[in-house]
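>>> Let's see this in three dimensions:
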Amino acid sequence: MTAIASAGGSNVSRFIRFLVVGGTAYVVQWVTTKVFTWWMPTNLAFTAGFICSTSTHYTLNRFWALPSLRQDTWRQFREYLATAALSFVVNFALFRLCIDGFKLGPMWATAIAVPPSTVLVFLILNFRVFRAKEKR
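Numbering: from 1, shown residues only. Sure, this is the predicted structure:
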């Protein structure tokens with residue numbers, strides 16, 4: 001059994017759990033963005049929703065979907081934040097494209113902006129951030 005498999009199952013099972021976490025984080029972002037749009041400007045509401053979603057995403061991935069044998073927790077957290085920053089750039093660019101280019105409302109723009117970065121984020125998290133640390 002490989003170190004990654006022993007750290008949290010096969011890549012297929014990790015991907016399925018990642019999708020469950022992603023779906024949960026997506027619901028968190030959609031609901032919080034909706035609530036925040038009641039009293040915040042659109043961009044701020046999207047950003048606040050993204051922060052709530054990312055907090056949920058990190059916690060569930062770190063401790064359930066993509067458990068890792070790595071011991072360098074602070075470095076791992078910084079790598080996660082860099083991945084989240086990349087995800088935000090992709091999501092926010094698509095969000096604004098949907099609003100400005102396609103004239104969609106904030107909720108449809110959120111629905112469309114979130115999914116495209118899912119595979120990219122999974123690959124980074126599974127094979128880098130939450131991987132088992134190689135034995136030397």
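
>>> in the top helix by length along the chain, what's buried?
In terms of residue count, the longest helix belonging to the chain (DSSP state H) is helix 11-36. Using 16 or more other CB atoms under 10 Å as the test for burial, helix 11-36 gives 14-15, 17-18, 21-22, 25-26, 28-30, 32-33, 36. The way it works is simple: take the backbone N, C-alpha and C, and place the C-beta from them, glycine included.

>>> by contact count, what packs against that helix?
helix 42-60, helix 106-113, helix 118-124 (3 or more CB pairs under 8 Å, 6 or more residues apart in numbering; DSSP states H and E).

>>> Now render the buried residues of helix 11-36 as JSON lines, adding pLDDT and distance to Phe50.
Below are the buried residues of helix 11-36 laid out as JSON lines (pLDDT from 0 to 100; distance: CB to CB, whole Å):
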{"residue": "Arg14", "pLDDT": "85", "distance to Phe50": "23"}
{"residue": "Phe15", "pLDDT": "86", "distance to Phe50": "22"}
{"residue": "Arg17", "pLDDT": "93", "distance to Phe50": "21"}
{"residue": "Phe18", "pLDDT": "89", "distance to Phe50": "18"}
{"residue": "Val21", "pLDDT": "93", "distance to Phe50": "15"}
{"residue": "Gly22", "pLDDT": "88", "distance to Phe50": "13"}
{"residue": "Ala25", "pLDDT": "92", "distance to Phe50": "10"}
{"residue": "Tyr26", "pLDDT": "87", "distance to Phe50": "11"}
{"residue": "Val28", "pLDDT": "95", "distance to Phe50": "10"}
{"residue": "Gln29", "pLDDT": "90", "distance to Phe50": "6"}
{"residue": "Trp30", "pLDDT": "89", "distance to Phe50": "11"}
{"residue": "Thr32", "pLDDT": "96", "distance to Phe50": "9"}
{"residue": "Thr33", "pLDDT": "92", "distance to Phe50": "8"}
{"residue": "Phe36", "pLDDT": "97", "distance to Phe50": "10"}
